[in-house]
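Participant: Structure for this input, please:
(chains A and B)
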Number of protein chains: 2
Amino acid sequence: MDRIPILRLQDYLLVTIQVELHDQLAVTLQDDLTQTLSRTHAKGVLIDISALEIVDSFIGRTLAHIASMARVMDANTVVVGMRPAVAITLIELGMTLSGINTALNVDKGMTLLRSLEADEPPRPEAA
Amino acid sequence: MDRIPILRLQDYLLVTIQVELHDQLAVTLQDDLTQTLSRTHAKGVLIDISALEIVDSFIGRTLAHIASMARVMDANTVVVGMRPAVAITLIELGMTLSGINTALNVDKGMTLLRSLEADEPPRPEAA
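Facilitator: Numbering: from 1, shown residues only, chains lettered A, B, ... in the order given. Modelled structure (predicted):
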């Protein structure tokens, strides 16, 4: 497992994290994602973490990094599919995932991305 | 890794296979998928194999089983994201994946699912 696949869904990118994120895999994912954002002009990124039983501070930080990178590339990020037990643990540990948008599932995440897009001022067209 | 997540995208289900499918995982996937089809009344299944560097006869058979199961549950199956090297190897090995629909990526797969649906006679409404 050398990289996590990035799927294009209409104007959005979908990343399903199914394996434990180690350092190199996280770096590769950030690299691939920025490249794909640049190539596809996607307007948003959905990160599905429904397969993760544990979200530790490293994953939390990686998600926040990805959201910040996507933000400067003019795309919003929504994390979807968090398991109830993960949500409980995160809050108990004091990790509030500030700055990261979340939604219950992919469909709701796409709706959220569309509404975030609509709230933004229109972007200038590239020359 | 005990199970492969199944994501709902509007009327379809998306399965991204990222890890090697061993016997138990394949059985769990088939079980989860039929349960999810029954619960959500999804009209199609997209299986993304872009992360797979090798598709052997076991995976080919599993994909064919899934497609047949989905078929009897009134859903079409499209396999998307096959790597060029995988396609070459499959044909060289004489595996033509007969009975499995394929498409280049998720967007094209969803378009194919919609057209397959449109070609079918309208299904009787459940009582």
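Participant: which residues of chain A fall in helices?
Facilitator: Assigned by DSSP state H, chain A shows helices spanning A:23-40, A:57-72, A:84-92, A:106-119.
Participant: how much space between the closest residue in space to A:Gln10 that isn't next to it in sequence and B:Val78?
Facilitator: In space, and not counting its chain neighbours, A:Gln10 is closest to B:Asp107: 6.4 Å by C-beta to C-beta, 6 or more residues apart in numbering or on different chains. C-beta here means a position set from N, CA and C on the backbone, and glycine is covered the same way. Distance, B:Asp107 to B:Val78, using C-beta to C-beta, to the nearest Å: 11 Å.
Participant: A:His41 too?
Facilitator: If you measure A:His41 against B:Val78 using C-beta to C-beta, the figure is 25 Å.
Participant: which parts of chain A sit against chain B?
Facilitator: Proximity of chain A to chain B, by C-beta under 8 Å from any C-beta of the partner chain, involves residues A:1, A:3-5, A:7-10, A:14, A:16, A:18-19, A:48, A:50-51, A:81, A:105-107.
Participant: Quick one: buried ones out of these?
Facilitator: Neighbour counting with 16 or more other C-beta atoms under 10 Å in any protein chain shown marks A:4-5, A:7, A:9, A:14, A:16, A:18, A:48, A:50-51, A:81, A:105-106 as buried within these.
Participant: looking at it, A:Ile6 is touching A:Thr36, isn't it?
Facilitator: Yes: here A:Ile6 reaches A:Thr36: they are 5.1 Å apart, a contact under C-beta atoms under 8 Å.
Participant: What pLDDT does the model give the residue nearest the centre of chain A?
Facilitator: Chain A has A:Ile47 as the residue nearest its centroid, 3.8 Å off, counting by C-alpha atoms, centre = their mean. On pLDDT, A:Ile47 comes in at 96.
Participant: quick one: contacts for it?
Facilitator: A:Val15, A:Ile17, A:Leu63, A:Ile66, A:Thr77, A:Val78, A:Val79, A:Val80 (C-beta atoms under 8 Å, 6 or more residues apart in numbering or on different chains).
Participant: Mind doing that once more with 6 Å?
Facilitator: By C-beta atoms under 6 Å, 6 or more residues apart in numbering or on different chains, the contact list for A:Ile47 reads A:Val15, A:Val79.
Participant: what's across from it in the sheet?
Facilitator: A:Val15, A:Val79 (DSSP bridges).
Participant: quick one: it and B:Ile47, what's the gap?
Facilitator: In terms of C-beta to C-beta, A:Ile47 sits 20 Å off from B:Ile47.
Participant: What of A:Ala103?
Facilitator: 24 Å.
Participant: now A:Ala26
Facilitator: 26 Å.
Participant: same deal with A:Val55?
Facilitator: Taking C-beta to C-beta, one finds A:Val55 at 26 Å from B:Ile47.
Participant: can you check A:Ile91 too?
Facilitator: Distance from A:Ile91 to B:Ile47, by C-beta to C-beta: 35 Å.
Participant: Spit out the contact partners of A:Met69.
Facilitator: Taking C-beta under 6 Å, 6+ apart, one finds A:Thr34 in contact with A:Met69.
Participant: Let me fix that, I meant to ask about A:Ala103.
Facilitator: By C-beta under 6 Å, 6+ apart, the residues touching A:Ala103 are A:Val78, A:Val80, A:Gly109, A:Leu112.
Participant: Quick check: the two most widely separated of these?
Facilitator: A:Val80 and A:Leu112 (8.8 Å; C-beta to C-beta).
Participant: More neighbours: which of the two?
Facilitator: Taking neighbours as other C-beta atoms under 10 Å in any protein chain shown, A:Val80 and A:Leu112 compare with A:Val80 leading, 23 against 19.
Participant: from memory A:Leu7 sits against A:Asp32, does it?
Facilitator: No: using C-beta atoms under 6 Å, A:Leu7 makes no contact with A:Asp32, being 11.7 Å away.
Participant: Would you mind confirming that A:Arg3 is in contact with A:Leu29?
Facilitator: No: A:Arg3 is not in contact with A:Leu29 according to C-beta under 6 Å; the separation is 7.1 Å.
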